[in-house]
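K.L.:
Test case, fold it:
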Amino acid sequence: MSLEANVDPAEIDKFQSIASRWWDRESEFKPLHDINPLRVAYIERQAQGVAGKKILDVGCGGGILAEALAHKGALVTGIDMAELSLKVAQMHLHESGLEVDYQLSTVEDFAQQNAAQFDIVTCLEMLEHVPDPASIIASASRLLKPDGMLCLSTLNRNPKSFALAILGAEYILRMLPRGTHEYKKFIKPSELAATLRANGMQLRDITGISYNPITKNYSLGRDIDVNYLMTASFDD
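P.N.:
Reported below is the predicted structural model:
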């Protein structure tokens, strides 16, 4: 598969069409804003702090995670292929006063010029939106320093995740626009772990993200049936 082919134009168009609402906390991006403190805390805990570390956020979108990591003192670069989302991210820096280097690039292209440059590479809520997730992971691993850490998140593939992430979130609770996710693109943890091993990396942690529709709160825990976070590092 060519590097250019590992982008789904329909997915890019989907995010381009709502790019102006990235920083509206009551928009389609509310779930990302709600889980972002949990994601940042998880990354900090797994990395034993992020201040002063070089971080690449793959599929950075409007910069929700990138800015939060920069606020913690990290040196953040964000890449994405949705140009309008990147423009929103760049504009929001004027409001936040933070520094993030945003670039329009695929991770495959970026890895050719920036191998072994980053302490941490994050790729959250993106793998289920690309044709070839394994290519993303292979390139992300090349971007890491020898002692670097890769942090991923995606959706598990099973009847429960279909019921909650698609039927529940998109059709019943209407937390997300219909068509946000395709069930066939969900990824089982075992599949992701196998891809990591194929790239010389070992699984360090897997943690679930759960949503309580009654309290409307998210939490981290052992339930990885729907959403999950995963960290990996190179074999010793």
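K.L.:
how about low-confidence regions in the chain?
P.N.:
1-5, 236 (pLDDT under 70).
K.L.:
mind listing the strands for it?
P.N.:
Counting by DSSP state E, the chain has strands at residues 54-58, 75-80, 100-104, 118-124, 144-155, 201-212, 217-221, 227-234.
K.L.:
tell me the most buried of those?
P.N.:
Most buried of the strands of the chain, by mean neighbour count (mean count of other CB atoms under 10 Å): strand 54-58, with a mean of 26. Quick note: C-beta positions are derived from backbone N, CA and C, even for glycine.
K.L.:
Please identify the pairing partners of that one and their relative orientation?
P.N.:
strand 75-80 (parallel), strand 118-124 (parallel) (DSSP bridges).
K.L.:
which stretch among the strands of the chain comes nearest Gln90?
P.N.:
Distance to Gln90, taken as CB to CB, is lowest for strand 100-104 among the strands of the chain, at 5.4 Å.
K.L.:
just to revisit the earlier point, dump the strands of the chain to a markdown table, plus distance to Leu69.
P.N.:
Listed next are the strands of the chain as a markdown table, based on distance: least, CB to CB, whole Å:
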| stretch | distance to Leu69 |
| --- | --- |
| strand 54-58 | 5 |
| strand 75-80 | 5 |
| strand 100-104 | 9 |
| strand 118-124 | 8 |
| strand 144-155 | 10 |
| strand 201-212 | 18 |
| strand 217-221 | 17 |
| strand 227-234 | 14 |
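K.L.:
What ranges does the protein have for its helices?
P.N.:
Under the criterion DSSP state H, the chain carries helices at the ranges 9-17, 30-47, 64-71, 83-96, 107-113, 133-143, 159-161, 189-198.
K.L.:
got the strands paired with strand 54-58 as JSON lines, with distance to Ser233 columns?
P.N.:
Output for the strands paired with strand 54-58, formatted as JSON lines (distance: least, CB to CB, whole Å):
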{"stretch": "strand 75-80", "distance to Ser233": "19"}
{"stretch": "strand 118-124", "distance to Ser233": "10"}
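K.L.:
Could I get the contacting residues of Leu84?
P.N.:
By CB atoms under 8 Å, 6 or more residues apart in numbering, the residues touching Leu84 are Phe15, Gln16, Ala19, Ser20.
K.L.:
nearest to Ala138, of the strands of the chain?
P.N.:
strand 201-212 (10.1 Å).
K.L.:
Would you pull up how far the closest one lies from the middle of the chain?
P.N.:
In this view, strand 201-212 has its centroid 13 Å away from the chain centroid, taken as CA atoms, centre = their mean, to the nearest Å.
K.L.:
Give me the helices and strands touching that strand, please.
P.N.:
With contacts defined as 3 or more CB pairs under 8 Å, 6 or more residues apart in numbering; DSSP states H and E, strand 201-212 has these neighbours: helix 30-47, strand 144-155, helix 189-198, strand 217-221, strand 227-234.
K.L.:
Show me what Thr154 bridges to in the sheet.
P.N.:
Beta-bridge partners of Thr154, as defined by DSSP bridges: Tyr228.
K.L.:
That one and His92, how far apart?
P.N.:
25 Å (CB to CB, to the nearest Å).
K.L.:
Leu143 touches Gln117, doesn't it?
P.N.:
Yes - here Leu143 reaches Gln117: they are 6.3 Å apart, a contact under CB atoms under 8 Å.
K.L.:
Which neighbours do those two have in common?
P.N.:
By CB under 8 Å, 6+ apart, Leu143 and Gln117 have these common neighbours: Leu56.
K.L.:
okay, which residue is most central for this structure?
P.N.:
Against the mean C-alpha coordinate of the chain, by CA atoms, centre = their mean, the closest residue is Leu124 at 1.2 Å.
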